[in-house]
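> give me the fold of what follows.
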Amino acid sequence: MDLDTPFRDLLSRIGLDLYDVELAGGALNVTVSRPEGVDLEALTEANHLLSAWLDEHDPLPGRYTLDVASPGLERRLRTPAHFLSAVGDTVTLRERRDAEATRRLEGVLLSATKSELTIEDREAGVLTVQLGNIERARTVFAWGATAKPSPSKGRSSAEASRRK
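Below is the predicted model of the structure:
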């Protein structure tokens, strides 16, 4: 059963956007977002809302655990919509290639369509990759600012210790 539409409708009532839904290994993973970020209160509210809907409609056979989370700083990219939303961001991905080794790429995502993306890889330059060939992908968050040069850079240790 496609849960995207009912979940999207339910979550919009509480100001959240549906980012992803995936049933994997006995867990129903629901990822939610909103422009100003998602706090614990919003996740709890979404969990209660979705849980009540699932109990009432029972759309999935068997047992599973509902897990509602935010996508985090480094978002998993799985669908064409995910890639479209990440255009302009730095991404990393693994590309499966026929009769060749899997290729790891990292760089700015220049464009995306329903079937392919264009990335400016740091080493290989501008490349087009078919979405069907992507093993896994995510955005890359740049942690912290660039380190400032040490005041002692370029001076001998004796000079640096005299300045202290």
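> contacts and neighbour counts: CA atoms only from here.
Noted.
> wait, Ser70 touches Arg34, no?
No. The pair Ser70 / Arg34 is not scored as a contact, 9.0 Å apart, by CA atoms under 8 Å.
> in the protein, where is pLDDT below threshold?
Across the chain, the ranges flagged by pLDDT under 70 are 1, 145-164.
> center of it - which residue?
Arg75 (1.2 Å; CA atoms, centre = their mean).
> Thr92 is in contact with that residue, correct?
No. Counting by CA under 8 Å, Thr92 is not a contact partner of Arg75; they are 10.6 Å apart.
> quick one: contacts for the residue nearest to the centre of the chain?
Arg138, Thr139, Val140 (CA atoms under 8 Å, 6 or more residues apart in numbering).
> give the closest residue to Ala137 in space, chain neighbours not counted.
Among residues not flanking Ala137 along the chain, Leu93 sits closest, at 4.1 Å (CA to CA, 6 or more residues apart in numbering).
> just the element for the one you found, please.
Leu93 is located in strand 90-97, with elements delineated by DSSP states H and E.
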